[in-house]
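K.L.:
could you work out the structure for the sequence below:
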Amino acid sequence: MTIKTIILAAGQGTRMRSSRPKVLHEIANKPLVQHVYETAKSLKGSEVYIVYGHGGEAVKQSLSRLDAIWVEQKQQLGTGHAVQQVIHHVDEGDTVLILYGDVPLLKAETLRTLLAKVSPTSLALLTVTLDDPTGYGRIVRDQHHAVRRIVEHKDASAAERLINEGNTGILACNGGQLIQWLSRLSNNNAQNEYYLTDIIEMAVADGLTIATAQAASADEVLGVNNREQLAHLERVYQFERARMLMAQGVTLRDPARVDVRGEFAELGQDIDIDINVIFEGVNRIASNVKIGPNCLIKNATIADGVEILSHSVIEDASIGAGSRIGPFARIRPQTELAEHVHIGNFVEIKKSSVASGSKINHLSYIGDSEIGASVNVGAGTITCNYDGANKFKTVIEDGAFIGSDTQLVAPVTIGKNATIGAGSTITQNTPAEQLTLSRVKQVSVPSWQRPVKAQDAVGNLPHGSETDKSKEK
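P.N.:
As a prediction, this is how the structure comes out:
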């Protein structure tokens, strides 16, 4: 079965009060319409058409990577008019699925249930039961509970507004039948628009059954119309991700304070995650990993038994088994740490490899470097890798000891088991097994006197001051 999925994404979204098209606003760092697209593409045999309009070029350019056919709705004359822009792509034997670009949490399972209800004699409609259906079109049923039509909220009578079964706008039907119904649409209504919902009454008149399905929750079919709804669905989405993590053996100290803005390519067991941790991109986290509060983990590979202390950032990097990171450490892209490496507070590492058992524990910057095994880098060490135009590499071989407050001016190699004295600036390669330092000779000046202020500590003024002269008079 070929499914022609039409995603309506042409709305302006004035209640968002934004210059950005509504469907480009994000949940979990992903545009609303991309959530809908990915759900649609997960359906077997689905071809996706995205109808864009307001700010359309921005939508199309931002998401040009998507495997979809883009169709412009130059004038926004209603949902029925939007579908009409795609209808020449629809064949009579197709099944057509209508979705909305601002309904991001709709699940593929719900759509499969809906599609299963489509037949030559039935149209499938997704509805929702709400405590307050204000703004929703109402599902009008007869005494046999059969759907007869949908009435929009603005066109509904007082009695019809008491109906709490609302129309989500999501439906599926036969392509040939849809072609006929769209050709008969009228804009004779309060909004002067071509309502897609009018095809329900046409289908009933043609003798079709309106088969309905409902989502597991109202949030699944909630559209985003303002910032409050956007924030609400973000929290719904994040709690679903938190439940998924816990179901796979992850301990969350507070499920309401963990954000997953990507996916996990690997997820081990007995992972412990403290509050306010954010995951972005694609992460691989092995077992027995402990992540402290207020950390950002992005496109990282973290091996067994790693401990990441609070306020640390790991991005596009890999951390070896048994390593310890932080607190307040920043591991930047293209960094590879081997097993049992210690990276301490206020240490920044970029585009570097660190072999097993090495330690960089305090206030250091390591960039474009290759650090061997069992190296100790003292506090305040800086690899000076950039001359203003080009970047150069620093190599620190196995067993080296770098004293505190050392500057290593690349390109430079520190030999195996070499020791660099604290406070040195190293500009040339240093030999293995030897102490190298570059300090200026320390001297003491016995006749030197520390400068003092005009008035000393006990309030006496120095001889010759104006006050002393006045006393002499």
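K.L.:
end to end on stretch 377-384, go ahead and measure it.
P.N.:
Terminal residues of stretch 377-384 lie 14 Å apart, using Cα to Cα, to the nearest Å.
K.L.:
do the same with stretch 344-359
P.N.:
Counting by Cα to Cα: the opening and closing residues of stretch 344-359 are 8 Å apart.
K.L.:
which residues does that stretch contact?
P.N.:
317, 320, 326-343, 360-377, 398 (Cβ atoms under 8 Å, 6 or more residues apart in numbering). Any C-beta I mention is one placed from the backbone N, CA and C, and that applies to glycine too.
K.L.:
ok, now stretch 274-288?
P.N.:
Counting by Cβ under 8 Å, 6+ apart, 29, 253-254, 257-271, 291-306, 310, 316, 321 sit against stretch 274-288.
K.L.:
are any of these buried, and which?
P.N.:
Buried residues within the contacts of stretch 274-288, counting neighbours by 16 or more other Cβ atoms under 10 Å: 257-262, 264, 267-268, 271, 291-303, 305-306, 310, 321.
K.L.:
pLDDT-wise, which helix or strand of the chain ranks last?
P.N.:
helix 466-472 (a mean of 49; mean pLDDT, DSSP states H and E).
K.L.:
domains in the protein, by residue range?
P.N.:
3-221, 227-436 (automatic domain parsing).
K.L.:
for those domains, which has the smallest mean pLDDT value?
P.N.:
Set side by side, the domains of the chain differ in mean pLDDT, and domain 3-221 is lowest with a mean of 93.
K.L.:
start to end distance for that one?
P.N.:
First residue to last in domain 3-221 (Cα to Cα) measures 20 Å.
K.L.:
same check on stretch 404-418?
P.N.:
14 Å.
K.L.:
can you pull out the residues in contact with it?
P.N.:
Contacts of stretch 404-418 (Cβ under 8 Å, 6+ apart): 368-369, 372, 378-385, 391-402, 420, 422-436.
K.L.:
and that stretch, which residues are buried?
P.N.:
404-410, 412-415, 417-418.
K.L.:
mind listing what's buried along stretch 271-285?
P.N.:
271, 273-280, 283, 285.
K.L.:
nearest to Val59 among those residues?
P.N.:
Glu280 (22.6 Å; Cβ to Cβ).
K.L.:
bridging residues for the closest one?
P.N.:
Under DSSP bridges, the beta-bridge partners of Glu280 are Arg261, Lys298.
K.L.:
now Lys290
P.N.:
Here Lys290, judged by DSSP bridges, has bridge partners Asp272, Glu307.
K.L.:
that one reaches Ile308, doesn't it?
P.N.:
Yes - contact criterion Cβ atoms under 8 Å: Lys290 and Ile308 qualify, at 7.0 Å.
K.L.:
these two: which is more packed in?
P.N.:
Taking neighbours as other Cβ atoms under 10 Å, Lys290 and Ile308 compare with Ile308 leading, 28 against 16.
K.L.:
so who does that one touch?
P.N.:
Ile308 sits in contact with 289-292, 295, 297, 302, 314, 319, 324-326, where contact means Cβ under 8 Å, 6+ apart.
K.L.:
the same query, at a cut-off of 10 Å, please.
P.N.:
Ile308 makes contact with 273-274, 277, 289-292, 295, 297, 300, 302, 314, 319, 323-327, 329, 331, 343 under the criterion Cβ atoms under 10 Å, 6 or more residues apart in numbering.
K.L.:
please report how far Glu109 lies from Leu182.
P.N.:
If you measure Glu109 against Leu182 using Cβ to Cβ, to the nearest Å, the figure is 28 Å.
K.L.:
compare neighbour counts for the two and give me the winner.
P.N.:
Leu182 (20 against 13).
K.L.:
and the residue lying closest to that one once chain neighbours are set aside, what does it touch?
P.N.:
Leaving aside its sequence neighbours, Leu182 sits nearest to Gln84 (Cβ to Cβ, 6 or more residues apart in numbering; 5.3 Å). Neighbouring residues of Gln84 by Cβ under 10 Å, 6+ apart: 51, 73, 77-78, 178-179, 182-183, 185, 194, 196.
K.L.:
what about those residues, which are in helices?
P.N.:
Using DSSP state H, 178-179, 182-183 are the members of those that sit in helices.
K.L.:
how far is stretch 320-327 from where the chain is centred?
P.N.:
24 Å (Cα atoms, centre = their mean, to the nearest Å).
K.L.:
stretch 356-367 too?
P.N.:
29 Å.
K.L.:
in it, which residues are buried?
P.N.:
For stretch 356-367, the neighbour count (16+ other Cβ under 10 Å) marks 356-361, 363-367 as buried.
K.L.:
and which of those is nearest Gln34?
P.N.:
Distance to Gln34, by Cβ to Cβ, is smallest for Gly367 among those, at 34.5 Å.
K.L.:
check contacts around the closest one.
P.N.:
332, 335, 348-352, 382-386, 391-394, 410.
K.L.:
same thing with Ser119?
P.N.:
Ser119 touches 95, 173-174, 208-209, 211, counting by Cβ under 10 Å, 6+ apart.
K.L.:
thinking again about what came up before, take the buried residues of stretch 404-418 and keep only those in strands.
P.N.:
Using DSSP state E, the subset of the buried residues of stretch 404-418 located in strands is 407-409, 412-414.
K.L.:
returning to that earlier point: could you turn the buried ones of the contacts of stretch 404-418 into a PyMOL selection?
P.N.:
Here is the PyMOL command that selects the buried residues among those (16+ other Cβ under 10 Å):
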select buried, resi 368+369+372+378+379+380+381+382+383+384+385+393+394+395+396+397+398+399+400+401+402+420+423+424+426+430+436
